[in-house]
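Trainee: What follows is a predicted structure for the sequence shown.
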Amino acid sequence: MKKRLSKVSFNDLKWINIDSVDLDTIKKLEKNYNFHHLDLEDCLEENQRSKIDKYPDYNFIILHLPKFKGRNQKYIASTELNIFISENALITIHDKNSFIDKIFEDSKKDKGFREEIMCNGAGYLLYYILNDLFERCFSYVDDITRTLNHLEKEVFNVSSDRNMLKDILRINKDIINFRRIIFPQRAVLAQLEHIRFSKEDEDLEIYFDNIVDKIEKIHSTLESFKELVGSLHQTNETMIVQKTNNVIKVLTIFSVVMLPLTLITGMYGMNVDLPTNNFMDILIIMGIVLSLMLIFFKKKDWL
């Protein structure tokens with residue numbers, strides 16, 4: 001897909017959305033805006049830490065968000081969002097984030113929606129985008145919840161012979177990655193509460209505090225998921241040990257029962273005189289020995 005740089009405006013405020021960045025795009029930004037070259041270089045590099053760089057005429061923000069990746073087997077990974085925000089401009093740079101692209105396209109097509117999100121300045125526009133992004137993180141939490149509920153039913157299903165260890169470890173990895181991605185964003189969002197981006201901005205502290213609350217709620221939920229996965233893992237291990245013990249118990253009983261019968265048949269296979277060589281007598285002796293052993297096992301509560 002061709003890399004795109006699109007723009008939408010309302011009054012003096014511009015929103016530039018870059019859904020895939022390359023060197024040419026960075027050169028255009030460098031030519032048209034007085035951004036620090038280190039910030040522009042950060043946009044080209046992956047795995048930058050979440051942060052805010054404050055300058056007299058603009059702020060540069062790096063955030064990370066969870067995203068499902070993979071085809072056959074989905075897993076949670078991190079996707080980076082770079083933001084330049086000044087009094088009259090907001091520039092979002094990301095790797096084909098469908099949620100941001102949808103807001104941007106809706107603002108281009110719907111004049112009323114564009115006025116709603118852009119009439120209160122760059123700071124409110126930034127809040128609207130980030131609030132939508134972190135609100136959508138709850139859908140990932142819901143997906144993990146459904147998976148955990150399914151795993152819980154499978155683990156406690158006594159009749160199931162399926163080993164759930166791989167599934168438990170996979171969901172545990174997703175939870176760990178989700179927590180690792182979401183937690184550092186809290187500190188960045190908390191800093192946004194105290195920044196005034198433009199003259200049109202109202203007091204945005206309560207708005208960005210609302211996003212911080214969402215992050216804390218998600219993180220708290222993931223913490224409870226971590227405990228639940230630990231319990232499921234321990235329960236699954238206990239069930240596996242119990243099933244293994246039952247198998248060993250049955251095999252042991254078979255081995256012990258067959259031992260004296262093998263001894264009897266071995267004795268009558270020797271070339272010596274014994275009290276009886278009648279086949280039916282041997283079967284009766286073996287049946288008596290077998291019955292006595294089963295009665296003994298029953299009294300000991302081994303069966």
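Mentor: Happy to help now that I have it.
Trainee: max-length helix in the chain?
Mentor: helix 205-267 (DSSP state H).
Trainee: Whatever helix or strand comes next after that one: how far from the chain's middle?
Mentor: As assigned by DSSP states H and E, the chain's next helix or strand after helix 205-267 is helix 279-299. Distance of helix 279-299 from the chain centroid (Cα atoms, centre = their mean, to the nearest Å) equals 58 Å.
Trainee: List the contacts of Phe35.
Mentor: Leu29, Tyr58, Phe60, Phe84 (Cβ atoms under 8 Å, 6 or more residues apart in numbering). Backbone N, C-alpha and C define where each C-beta goes, glycine included.
Trainee: Just the buried residues of the host helix or strand of the third one, please?
Mentor: Translated: Phe60. In the assignment (DSSP H and E), Phe60 maps to strand 59-69. By 16 or more other Cβ atoms under 10 Å, the buried positions in strand 59-69 come out as Asn59, Phe60, Ile61, Ile62, Leu63, His64, Leu65, Pro66, Lys67.
Trainee: helices or strands up against the longest helix of the chain?
Mentor: Judged by 3 or more Cβ pairs under 8 Å, 6 or more residues apart in numbering; DSSP states H and E, helix 205-267 is in contact with helix 122-155, helix 165-192, helix 279-299.
Trainee: Quick check: can you list the domain ranges of this protein?
Mentor: 5-241, 246-299 (automatic domain parsing).
Trainee: and these, which is most packed in?
Mentor: domain 5-241 (a mean of 16; mean count of other Cβ atoms under 10 Å).
Trainee: any idea how far that one is from the chain center?
Mentor: Distance of domain 5-241 from its chain centroid, counting by Cα atoms, centre = their mean, is 14 Å.
Trainee: Next, the contact list for the most centrally placed residue in the chain, please.
Mentor: When Cα atoms, centre = their mean is applied to the chain, the residue found nearest the centroid is Asp174 (2.5 Å). Taking Cβ under 8 Å, 6+ apart, we find Asp174 in contact with Tyr75, Ile76, Ile144.
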